[in-house]
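> My questions concern the predicted model and sequence given below.
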Amino acid sequence: MSRPKILVLGAGYGGLLTTLGLQQKLNYNEAELTLVNKHDYHFITTWLHEPAAGTAPIEHARVDLDTILDKTKVNFVKGTVKSIQREAKTVTLESGETLSYDYLVIGLGSEPETFGIEGLREHAFSIRSLNSVRQIREHIEYMFAKYKNDPTRTDYLTFVIGGAGFTGIEFSGELSDRIPELCKEYEVDPSLVKIYNIEAAPTALPGFDADLVEYATRVLSNKGVEFKINTPIKQCTPEGVVLATGEEIKAGTVVWTGGVRGNGIVEAAGFEVARGRVKVDEYLRAPGHEDVFVVGDCALIFNDQGRPYPPTAQIAVQEGENCAQNLAALIRGGKMTPFVPHLQGTLASLGKGEGIGIVFGNKKLFGSSAALMKKASDLRYLYKLGGVGLALKKAKL
Ligand code: FAD
Ligand code: NAD
């Protein structure tokens, strides 16, 4: 009998943990396992705010797939998925190659949610991949260089961060750490640099613990970040942003951190989605498709109160592990286990040595203890991916 074909799309948190789980659980003769990813590396998305601001090297967030995949069990295809044909059970790559599957795992991650705001796609940066953060980092330096050539243009030294969710807050922390270094390097008066973090909701980090939000905004304000809360961005232009109040902020750099939606390939394939995410069943399968599993930011799951879980790496990892376990069970004629997330808390950085978090149910962490706990959580993830070797290589102690 021929081996069932398992095709995993995306080597992010969800797709990679599915693949590594199957690599560990299955013998090579039990399934034909293929992983497709745009690049031959995995990137640690949860660190991307650092290389984006220039406070950590870009290479640090990169893990080469050939160092963690077992070639005897996983067929890795470096390629970009163009479309999924559900009826034909095939996936087409931009190269023209077509791959067929018996079981499909979609882990293609997210893309920026722009809410149709004019000019965002064209004029704002977003933190989404190694290449996107390389662009942001280089652009920031370029703005300092441009200002030196034309000191009348102080707008080159103005930075707008659109959205004060976790991504916007973490990037604000890193950028405010980086600016003094750049001012020194380019001999620029630091008082000329402005960092605005602009948020539509009545508070930064909407829905998060009020004490921790207060702490985060205080720490960042002390580092020079100016918050404009309850102030939606209405338009982005080549010169900066226009706010719903009518105010225009001229800025050489706009980084959009206003939210994400599931990868557009999923909706284009005809799956039913909400903000690009598939409302999956208890086994993470797309409704009506017993052979299609969806993990990570492309999947939508709900808590007991019917509220959607936010798309996080923490959940994507657990989904990947559950999906691997269930696929192995299916192939061996066993029973699947429903997916139940086990939330371990939330930890966010506010720049070097600073952070906020909630762990162990309701324990609030402020400052260096949160930053330390975040490092421990990062280490645990690296250990899952590549054992002690990778954890030691990438540890940021
Ligand atoms: P991803 O990790 O985004 O991976 C998707 C993969 O698919 C990528 O490898 C990509 O290259 C590949 N891909 C995409 N399109 C194609 C295509 N067409 N063809 C082939 N391959 C493709 N969450 C937390 O829980 N904790 C945190 O501390 C945290 N910090 C964050 C910090 C930042 C700056 C950001 C931006 C997000 C953070 N998140 C955090 C959220 C977390 O990163 C995401 O929820 C997580 O990455 C989702 O995992 P995923 O597997 O769905 O997708
Ligand atoms: P988000 O949706 O969590 O936050 C986006 C923010 O932008 C919101 O506060 C929203 O009100 C604001 N916004 C939307 N439209 C706006 C407008 N027109 N003008 C101004 N502000 C606007 O998105 P995110 O921060 O990118 O996070 C995405 C996911 O990744 C979330 O699930 C988040 O929890 C997760 N994440 C987690 C961490 C962490 O745990 N440390 C870090 C980063 C991201």
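Thanks, I have the structure now. Ligands and ions are numbered 1, 2, ... in the order given.
> For this structure, which residues are neighbours of ligand 1?
10-15, 36-39, 45-46, 48-49, 80-81, 107-109, 127, 167, 170, 263, 265, 296-297, 311-314, 316 (CB under 6 Å from any ligand atom). For glycine as for every other residue, the C-beta is placed from the backbone atoms N, C-alpha and C.
> Can you flag which of the residues you listed belong to helices?
13-15, 49, 167, 170, 265, 313-314, 316 (DSSP state H).
> quick check, nearest of these to ligand 2?
Thr167 (3.5 Å; CB to the nearest ligand atom).
> pLDDT for the ones in helices among the residues of the chain next to ligand 1 - can I get that in CSV?
Compiled in CSV, those are given as follows (pLDDT from 0 to 100):
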residue, pLDDT
Tyr13, 98
Gly14, 98
Gly15, 98
His49, 98
Thr167, 98
Glu170, 98
Ile265, 98
Ala313, 98
Gln314, 97
Ala316, 98
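> Which two among those residues are spaced furthest apart?
Glu170 and Ile265 (27.0 Å; CB to CB).
> between those two, who's got more neighbours?
When Glu170 and Ile265 are compared on other CB atoms under 10 Å, the one with more neighbours turns out to be Glu170, at 26 against 21.
> Taking the stretch 51-200 of the chain, what residue is nearest to ligand 1?
Gly109 (2.7 Å).
> and that residue, what pLDDT?
As predicted, Gly109 sits at a pLDDT of 98.
> Near it, how many other residues are there?
25.
> who's in contact with it?
10, 12, 14, 45, 263, 296-298 (CB atoms under 8 Å, 6 or more residues apart in numbering).
> how about a cut-off of 7 Å?
With contact set as CB atoms under 7 Å, 6 or more residues apart in numbering, Gly109 has these partners: 10, 12, 263, 296-298.
> export those residues to JSON lines and tack on distance to ligand 2, pLDDT and neighbour count?
Formatted as JSON lines, these follow (distance: CB to the nearest ligand atom, whole Å; pLDDT from 0 to 100; neighbours: other CB atoms under 10 Å):
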{"residue": "Gly10", "distance to ligand 2": "16", "pLDDT": "98", "neighbour count": "28"}
{"residue": "Gly12", "distance to ligand 2": "12", "pLDDT": "98", "neighbour count": "25"}
{"residue": "Asn263", "distance to ligand 2": "14", "pLDDT": "98", "neighbour count": "23"}
{"residue": "Gly296", "distance to ligand 2": "11", "pLDDT": "98", "neighbour count": "32"}
{"residue": "Asp297", "distance to ligand 2": "8", "pLDDT": "98", "neighbour count": "28"}
{"residue": "Cys298", "distance to ligand 2": "13", "pLDDT": "98", "neighbour count": "32"}
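> Give me the below-cutoff pLDDT ranges for the stretch 1-150 of the chain.
Scanning the stretch 1-150 of the chain with the threshold set as pLDDT under 70 gives 1.
> just to revisit the earlier point, tell me the one of the ones in helices among the residues of the chain next to ligand 1 nearest Ala274?
Of those, the one sitting nearest to Ala274 (CB to CB) turns out to be Ile265, at 15.9 Å.
> Could you verify my assumption that the closest one touches Gly107?
No. Under the criterion of CB atoms under 7 Å, Ile265 makes no contact with Gly107, lying 11.4 Å away.
> Identify the spatial nearest neighbour of whichever residue of the stretch 251-397 of the chain sits closest to ligand 1, chain neighbours not counted.
Nearest residue of the stretch 251-397 of the chain to ligand 1, counting by CB to the nearest ligand atom: Gly296, 2.1 Å away. Residue nearest to Gly296 in three dimensions, not counting chain neighbours: Gly14, with 3.0 Å by CB to CB, 6 or more residues apart in numbering.
> Count the residues that sit near the one you found.
Neighbours of Gly14 (other CB under 10 Å): 35.
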